[in-house]
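1. generate a structure from the sequence data that follows.
(chains A and B)
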There are 2 protein chains.
Amino acid sequence: MPTPHYEYSKGVILKIIETLLSVEFPFGLTVRYAVKANPHPEIIKLLAEKGIMFDTSSSYEATDLLTLGIAGRAISLSSQQSPHNLPELLQAGVDFVVTSLHQLETYINTPNRRDTIAVRINPPVGYGHNNRTSTGGINSSFGIWHEYLDQVLSITKTAGIKINRIHIHFGSGADPSVWEEVAEVALAIMERVSEATVLDIGGGFKVHRFGEEKEANMPAILTMFKQKLNEFAKKTGRQLRLEIEPGTYMIAHAGILITTIDDIVDTGSEGYTFLRLNTGMNDFLRSSLYGARHKIEVITNMTTTKDYVVVGHNCESGDILTPASDNPEEIETRNLKEAKIGDEVRIYDMGAYCASMRAKGYNSFPSAPEYFVD
Amino acid sequence: MPTPHYEYSKGVILKIIETLLSVEFPFGLTVRYAVKANPHPEIIKLLAEKGIMFDTSSSYEATDLLTLGIAGRAISLSSQQSPHNLPELLQAGVDFVVTSLHQLETYINTPNRRDTIAVRINPPVGYGHNNRTSTGGINSSFGIWHEYLDQVLSITKTAGIKINRIHIHFGSGADPSVWEEVAEVALAIMERVSEATVLDIGGGFKVHRFGEEKEANMPAILTMFKQKLNEFAKKTGRQLRLEIEPGTYMIAHAGILITTIDDIVDTGSEGYTFLRLNTGMNDFLRSSLYGARHKIEVITNMTTTKDYVVVGHNCESGDILTPASDNPEEIETRNLKEAKIGDEVRIYDMGAYCASMRAKGYNSFPSAPEYFVD
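-> The predicted structure is shown next:
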């Protein structure tokens, strides 16, 4: 099969679903897949078959899912931008999460609206490995600032609408103690919204891709949430359902990008040896954008290794696949099996935010197609 | 006309062409447009009518131009990746620039090859506002490392091929003294390639988009090159033609992105006020990728101003249009006319590397279309 191309495994996704559903929640657990991570129709259909629900980030994404045949009641829409077709989406059964006071006012005056609404609150703190992946706190434009909660309660009360779900998203993290703090901040907000029955803590469950990165221990995190919800029930008498919105966690490990070494060049004894791949930022942007590091493997019988800088095929110096940790401004060498032109190179953990977030068509290169191996 | 959309001006492009052709070169000047900056067919056709030649960065881009009806002899191909159809491109008259020793060996054994070749040399120094836009020196994978020039000369001599053009690209810069240094390094390399008749110094001519940024003074830079080439002719008896490959300089000022404020949110008295636009990194990646800053204007009758952070509509915290200078990890406020939801917002100098380099389709948003206003 020609390279570059993405290979996805449904088997890996099914195992992750098992992990996510392994903890029994007394008041229920909804797993919503963050569709923007990878909206491939085969993935959407597989998840729907397994009872996974969907979190969409634009009205276009929600509409695409309806077109695919996904039931509206399985879709939640939480978007920075006002939906272009909210009445139709509501009519189809899509759940709407307002992410601003303006969206709340619009919803109240929208045909087909229900007597309930979900609200995204921007909490006082945020986590994430840098500003670009942190989605809470004063630097974040996502959700309604927590100080305006009383205003939200007053507006909904006047309109005769009940807030059934609170969505609070903190950003990316693996540290369980951080998630415990998340739970406490979230439940403090839930206490103030006495009518809410669902706590939606969003996504941001980190996976291990390279080096010292830590993967979120989902059973431990879910068990912690279960305990907190039990304590909350004892304290308040309210039995809250939990919602989580994994994107990366659901799909990152299920994808590989298969590429070929197109060329090998070097900059002399004081310089570097570069593997030029037949793919790049037009297929895969995370390294250029975040300095994200992925495991890279040269497929060869060679046993010797060598230090390489791995670069993409785009005429753009930022098109590097081995950036320094969290610093896409700097290159880093990677010790790989000794390579020759024509060798296959596999880049791992490419299921999430790779095919869906790429500088498509840059340098007029065709886009790497996506296939399923199982 | 619905927003978001790009508006391009052919009039602006024509004026820039005039500037670029304003300096008379005794031994000739070729202006090649770096197509990757914006491959819109209308732009390509306009430039072709005005006698501008083309620099393409992939064999796909070169093929697209041939399909558009551009003559092969007007097209040069300089690509990180080996062309997928080199014999056909050579047959059509496309000029090939080898960017590695492997590409040189391949060229020698390619049907339809000529007895001449252009070679891209990676010079010992590079400029650019950061590693991501610097394209020379040991950190760069572009071109054949200058220390291997003797090897190149030996290979071409053995094959009976003459090097007619040397391409040396240093990266982005505005400082005329830097360009003088570029000229000296480039001419020192030209001295060693006695058969070469064309010096191609690539692009990297910076434009002013925001704040303290300096725009390259092209007449001054070209006049400096003219003097250097005259001195070179006196010293060596060789009359060199100059080639330049402007992309940003040719087209950046000719484009505006027209958007609408979809929402305004804030994070309280200690926080920020955010303008959420109905566009974002799926239409425009430079700010998220480089921390690039563009002039932003709110179209309103208001005379009061306010500090805003301007963000995109994608569910991605890095989708910011007002990053700190050269630091996309940090947000910065911009003092703009006081805005309300629904106001039009214009983002300037969006002709180059905007529509052509975007995370197309991310969050399933449709792509902003491109129109010409003149």
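2. nearest residue to A:Ile258 in space, please, no chain neighbours.
-> Spatially, and ignoring its direct neighbours in sequence, A:Ile258 is nearest to A:Thr3 (5.1 Å; C-beta to C-beta, 6 or more residues apart in numbering or on different chains). The C-beta positions use only the backbone N, C-alpha and C, and glycine is treated the same way.
3. any idea which element that neighbour lies in?
-> Assigned by DSSP states H and E, A:Thr3 belongs to no helix or strand.
4. got the contact list for it?
-> Residues near A:Thr3 by C-beta atoms under 8 Å, 6 or more residues apart in numbering or on different chains: A:258-260, A:278-279, A:344, A:368.
5. check those residues and tell me the two furthest apart.
-> Greatest spatial distance in the contacts of A:Thr3: A:Glu344 and A:Ala368, 13.6 Å, computed using C-beta to C-beta.
6. compare those two (neighbour count), which wins?
-> Ranked by neighbour count (other C-beta atoms under 10 Å in any protein chain shown), A:Glu344 and A:Ala368 place A:Ala368 first, with 24 against 14.
7. from A:Thr303, how far out is the most centrally placed residue in chain A?
-> When C-alpha atoms, centre = their mean is applied to chain A, the residue found nearest the centroid is A:Gly247 (3.4 Å). Distance, A:Gly247 to A:Thr303, using C-beta to C-beta, to the nearest Å: 38 Å.
8. equivalent analysis for A:Lys295, please.
-> Here the criterion is C-beta to C-beta. By it, A:Lys295 lies 19 Å from A:Thr303.
9. for the biggest helix by length in chain A, output the C-alpha coordinates as PDB.
-> Assignment by DSSP state H gives helix A:218-236 as the longest helix of chain A. Coordinates of each C-alpha in helix A:218-236 appear next as PDB, following Å, rounded to 0.1, in the frame of the first residue of the first chain:
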ATOM      1  CA  MET A 218      -8.500   6.100  34.000                       C
ATOM      2  CA  PRO A 219      -9.800   3.400  36.400                       C
ATOM      3  CA  ALA A 220      -8.100   5.300  39.300                       C
ATOM      4  CA  ILE A 221      -9.500   8.600  38.100                       C
ATOM      5  CA  LEU A 222     -13.000   7.200  37.600                       C
ATOM      6  CA  THR A 223     -12.900   5.500  41.000                       C
ATOM      7  CA  MET A 224     -12.000   8.800  42.600                       C
ATOM      8  CA  PHE A 225     -14.900  10.500  40.900                       C
ATOM      9  CA  LYS A 226     -17.200   7.700  42.000                       C
ATOM     10  CA  GLN A 227     -16.200   8.200  45.600                       C
ATOM     11  CA  LYS A 228     -16.600  11.900  45.300                       C
ATOM     12  CA  LEU A 229     -20.100  11.500  43.800                       C
ATOM     13  CA  ASN A 230     -21.100   9.100  46.600                       C
ATOM     14  CA  GLU A 231     -19.900  11.600  49.200                       C
ATOM     15  CA  PHE A 232     -21.800  14.400  47.400                       C
ATOM     16  CA  ALA A 233     -24.900  12.200  47.400                       C
ATOM     17  CA  LYS A 234     -24.600  11.600  51.200                       C
ATOM     18  CA  LYS A 235     -24.000  15.300  51.800                       C
ATOM     19  CA  THR A 236     -26.700  16.700  49.600                       C
END
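10. report the mean per-residue pLDDT for it.
-> Helix A:218-236 comes out with an average pLDDT of 96.
11. pull out the buried positions in it.
-> A:218, A:221-226, A:228-229, A:232 (16 or more other C-beta atoms under 10 Å in any protein chain shown).
12. distance of the residue nearest to A:Ile258 from A:Lys306?
-> Distance from A:Thr3 to A:Lys306, by C-beta to C-beta: 21 Å.
13. list the helices and strands the helix or strand of chain A with the lowest mean pLDDT packs on?
-> When each helix and strand of chain A is scored by mean pLDDT, DSSP states H and E, strand A:327-331 comes last, with a mean of 83. If contacts are counted by 3 or more C-beta pairs under 8 Å, 6 or more residues apart in numbering or on different chains; DSSP states H and E, strand A:327-331 sits against helix A:286-290, strand A:323-324.
14. so the residue located most distally from the centre of chain A, which of the three states?
-> Distance from the C-alpha centroid of chain A, by C-alpha atoms, centre = their mean, peaks at A:Ser269 (41.5 Å). Using DSSP: H, G, I helix; E, B strand; the rest coil, the three-state assignment for A:Ser269 comes out as coil.
15. give me every residue that touches it.
-> No residues are in contact with A:Ser269 under the rule C-beta under 8 Å, 6+ apart.
16. next, it: phi, psi?
-> phi -70, psi -30 (degrees, to the nearest 10).
17. state the distance from it to A:Ile244.
-> 52 Å.
18. A:Trp145 now?
-> With distances taken as C-beta to C-beta, A:Trp145 is found 23 Å from A:Ile244.
19. likewise for A:Glu18?
-> 15 Å.
20. can you give me the buried ones in the least confident helix or strand of chain A?
-> Those would be A:328-329, A:331, for strand A:327-331 by 16+ other C-beta under 10 Å.
21. does anything pack onto whichever helix or strand comes after the longest helix of chain A? Which helices or strands?
-> Proceeding N to C from helix A:218-236, the next assigned helix or strand is strand A:241-244, under DSSP H and E. Using 3+ C-beta pairs under 8 Å, 6+ apart, the elements in contact with strand A:241-244 are strand A:29-34, strand A:198-200, helix A:218-236.
22. give me the sheet partners of strand A:241-244 and which way each runs.
-> strand A:29-34 (parallel), strand A:198-200 (parallel) (DSSP bridges).
23. quick check: angle from the first one to helix A:218-236?
-> Between strand A:29-34 and helix A:218-236, the angle comes out at 130 degrees (axes from the mean of the first three to the mean of the last three C-alpha atoms, to 10 degrees).
24. CA-only coordinates of strand A:29-34 in CSV, if you can.
-> What follows is strand A:29-34 as a C-alpha-only set of coordinates in CSV (Å, rounded to 0.1, in the frame of the first residue of the first chain):
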residue,chain,number,x,y,z
LEU,A,29,-21.7,7.3,33.5
THR,A,30,-22.0,8.7,30.0
VAL,A,31,-18.9,8.5,27.8
ARG,A,32,-19.0,11.1,25.0
TYR,A,33,-16.4,10.9,22.3
ALA,A,34,-14.9,14.3,21.4
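25. so what touches it?
-> Residues from elsewhere that reach strand A:29-34 (C-beta under 8 Å, 6+ apart): A:17, A:20-21, A:23, A:44, A:47, A:52-55, A:57, A:76, A:198, A:200, A:203, A:222, A:241-248, A:250-251.
26. how does it look with 7 Å?
-> The contact list for strand A:29-34 (C-beta atoms under 7 Å, 6 or more residues apart in numbering or on different chains) reads A:20-21, A:47, A:52-55, A:76, A:203, A:241-247, A:250.
27. what's the answer for stretch A:183-200, then?
-> If you take C-beta under 7 Å, 6+ apart as the criterion, stretch A:183-200 is touched by A:121, A:123, A:125, A:146, A:149, A:153, A:162-168, A:201, A:224-225, A:228, A:232, A:236, A:240-243, A:245.
28. of these, grab the buried ones for PyMOL.
-> In PyMOL, this line selects whichever of the contacts of stretch A:183-200 come out buried by 16+ other C-beta under 10 Å:
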select buried, chain A and resi 121+123+146+149+153+162+163+164+165+166+167+168+201+224+225+228+232+240+241+242+243+245
